[in-house]
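Chemist: sequence first, predicted model second:
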Amino acid sequence: MGKDDRKDEKKKGWKKDEHHEGVVDLSARIGARRPEPTPATPPPTPAEPPPPQTRHDAPIPSEPRPRLLPPREDRQQRDLIQKALIEEDEKTQPIPSPRTPPGPGEIDLVVTPLPTPDDWHRFELALRRVRGVGQLRTEYYRHGVLKVRVSYQGTERLATLLRAGVPGYRVRVIGEDRATLQVLVTSDPDERRPG
C-alpha cells in the first residue's frame, strides 16, 4: 500500500480489520424471499462389508454328474441329425477332378515369374520352338506363375534342353521330379529386341 492509501484510511476512520465483518445477506434488503431452510441430508448408509476372500487352497467343487440319458427332445433331435447324415453320405459321390497326373510322354512345367499375360503368351510361343516339345496345355496362370502340361518326345531330359535355351529367355531349373519341372525365367533383352 502506498502512503496516500493510509492517509485516506485514517481520515475516514477505517481500520483494516473492519472491511471483513462477515457475509451480508442482501436479499432481505432487496425484497426477495428468504430461502427456506433445507432439511439436513441423512447420513450416508454404511457400505456393505466386502465378500469373504476366496481360498485357493480349498478343494475344487465337483460338477454335477451328467445324466445318463439326454432329455427326450434331445434324443429325437440327435436321431434326426444322424439319419440325415447317413442319407447324405449315401447320396454324395466324389466330385471328378479335372486335374490328372501327367500321362506317358507328358510333364508339368511350372514357370515363374511371368508378371503379365503378355509375358505368359510370349513364353509359350518360345517354348513351342524347343526341339521335342509337342502339344502345350495350360493348367493355370495365377500371380505370375504359369503351369503348363507339355508333351515331350526326346532322348535328353526336358530340363537339360530348357537350360540349353528357350529362344529369348534364360532358364534356371529350381526343382525337378518324375512328373513336374519348376523353372525360373528371365527374358533375354538381346533376343527380344526387334530388327
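Modeler: Structure received. Model, not experiment: these values are computed from the prediction.
Chemist: hmm, which helix or strand of the chain has the shakiest average pLDDT?
Modeler: Least confident element among the helices and strands of the chain, by mean pLDDT, DSSP states H and E: helix 189-192 (a mean of 54).
Chemist: measure Gly165 to Glu106 for me?
Modeler: Distance of Gly165 to Glu106, computed by Cβ to Cβ, to the nearest Å: 22 Å. No exception for glycine: its C-beta is placed from N, CA and C like everyone else's.
Chemist: Arg163 now?
Modeler: Distance of Arg163 to Glu106, given as Cβ to Cβ: 20 Å.
Chemist: between these two, which one's more packed in?
Modeler: It is Glu106, of Arg163 and Glu106, that has more neighbours when counted by other Cβ atoms under 10 Å, with 17 against 14.
Chemist: for that one, grab phi and psi.
Modeler: phi -120, psi 150 (degrees, to the nearest 10).
Chemist: partners of it in the sheet?
Modeler: On the basis of DSSP bridges, Glu106 is bridged to Ser151.
Chemist: what residues are up against it?
Modeler: Residues in contact with Glu106 (Cβ atoms under 8 Å, 6 or more residues apart in numbering) are 149-152.
Chemist: mind checking the pLDDT average for the top helix by length along the chain?
Modeler: The longest helix of the chain (DSSP state H) is helix 72-91. Throughout helix 72-91, pLDDT has a mean value of 78.
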